[in-house]
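Enquirer: Prediction below, plus the sequence it came from.
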Amino acid sequence: MRLAFILGEIGGGLRRNLSMVVSVILVTFVSLTFVGAAGMLQLQINQMKGFWYDKVQVAIFLCSDGATSASCATGPVTEEQQANLQTLLESAAVTQYVNDFTFESQDDAYRHFTEQFANSPIVDSVTPDQLPSSFRINMEDPEKYQVISEIFSSQPGVETVIDQRQLLEQLFTVMNGASLVAVLVAGVMIVCAILLIATTIRLSAFSRRRETGIMRLVGASKTVIQLPFILEGVIAAVVGAALASGTLWAVSKFFLGDYLSQQYPDTAFISPGQTLLLAPALLILGASLAGISSLLTLRKYLKV
């Protein structure tokens, strides 16, 4: 009987404040979507780190005609210098750190450049002799980059030694910044959701003050009186959290999985299953925010 009464009160409250309930659902949906987006970005960053860190190379760029480095003051790399560098790469002192290496000539570098920037007008202003040749090294342990840098940076004919992980770190820094922005926006939206939930519960309690007064007179417990109001907010927030979870799954499935993975086949994107791992956290967060804000509001505006 008590359960039926509580369910009836919840249904009545949702019907009376339908527009406010819809507002709570939408604000919760938007705020938790931003929270989930930040979580997705972190999952994607971790996925890309695990995928690319095993594939990145150390590049030893050789002196070319256009090199301005002090180490290239004597001019472009000579065939003898290039042969000495290859011999050093094949020596026992270096092979313990290297899986394999390849040589990229200036023509190879130009071909790769034109493929990468095929749709950019910059291609027309670059010639093969402007791009340096290089040795591309796949490391046994990418963390040992500094050893290779120390060995080759001072060698004749070497312009610079670059660890491609440094370039990836710049990308990950940008992505982390985007994740932080999403968290900040989500924080603002969560505050709005809390205030809206509190307002909704306050209005609901005010509209039913006569009923709650009668319930107090007949000896209804504090829990029985307050529980319908709390559950109204929780239900609305959980619906918003469910919508946010569904939206994130759709983005992962149709945008990341079906579109971006086709456009960038060499990039490891998170799967829809990984995105669903965020759903329980969003549901719990939405229910907790609604429950706590409702309870605090009722303590102030519904004296039992």
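Expert: That came through fine. Numbers count the residues shown, from 1 in each chain.
Enquirer: for the stretch 151-300 of the chain, which spans come out with low pLDDT?
Expert: 165-169, 171, 204-226, 265-267, 298-300 (pLDDT under 70).
Enquirer: quick one: Phe61 is in a strand?
Expert: Yes. Assessed by DSSP: H, G, I helix; E, B strand; the rest coil, Phe61 belongs to a strand.
Enquirer: OK, contacts around it?
Expert: Pro132, Ser133, Ser134, Val158, Glu159, Thr160, Val161, Ile162 (Cβ atoms under 8 Å, 6 or more residues apart in numbering). The way it works is simple: take the backbone N, C-alpha and C, and place the C-beta from them, glycine included.
Enquirer: Verify the stated contact: the fifth one with Ala73.
Expert: Which is Glu159. No. The pair Glu159 / Ala73 is not scored as a contact, 10.9 Å apart, by Cβ atoms under 8 Å.
Enquirer: Let's see which of the contacts of Phe61 end up in strands.
Expert: Residues of the contacts of Phe61 located in strands (DSSP state E): Ser134, Val158, Glu159, Thr160, Val161, Ile162.
Enquirer: Let's see if you can find the most crowded of those residues.
Expert: Highest neighbour count within the ones in strands among the contacts of Phe61, by other Cβ atoms under 10 Å: Ser134, with 25 neighbours.
Enquirer: shaky segments in the stretch 1-150 of the chain?
Expert: Applying pLDDT under 70 to the stretch 1-150 of the chain picks out residues 1-18, 49-56, 116-121, 123.
Enquirer: How are the helices of it distributed by residue range?
Expert: Ranges of helices within the stretch 1-150 of the chain are 2-16, 18-52, 79-89, 92-95, 106-116, 145-152, based on DSSP state H, counting those that start in this stretch.
Enquirer: Throw these into CSV and include mean neighbour count and distance to Ala244, thanks.
Expert: Putting the helices of the stretch 1-150 of the chain into CSV (neighbours: other Cβ atoms under 10 Å; distance: least, Cβ to Cβ, whole Å) gives the following:
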stretch, mean neighbour count, distance to Ala244
helix 2-16, 14, 20
helix 18-52, 20, 4
helix 79-89, 14, 52
helix 92-95, 12, 52
helix 106-116, 14, 37
helix 145-152, 16, 41
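Enquirer: Format those as CSV; extra columns: distance to Ile60.
Expert: Listed next are the helices of the stretch 1-150 of the chain as CSV, based on distance: least, Cβ to Cβ, whole Å:
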stretch, distance to Ile60
helix 2-16, 68
helix 18-52, 20
helix 79-89, 7
helix 92-95, 11
helix 106-116, 13
helix 145-152, 5
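Enquirer: who wins for proximity to Gly187 among those helices?
Expert: Taking Cβ to Cβ as the criterion, Gly187 comes closest to helix 18-52 out of the helices of the stretch 1-150 of the chain, the separation being 8.4 Å.
Enquirer: Distance from the chain centre to the closest one, please.
Expert: 10 Å (Cα atoms, centre = their mean, to the nearest Å).
Enquirer: Report the central residue of the protein.
Expert: Nearest to the geometric centre of the chain sits Leu41, at 0.8 Å (Cα atoms, centre = their mean).
Enquirer: is it true that it touches Gly177?
Expert: No. Here Leu41 lies out of contact with Gly177, judged by Cβ under 8 Å, at a distance of 9.8 Å.
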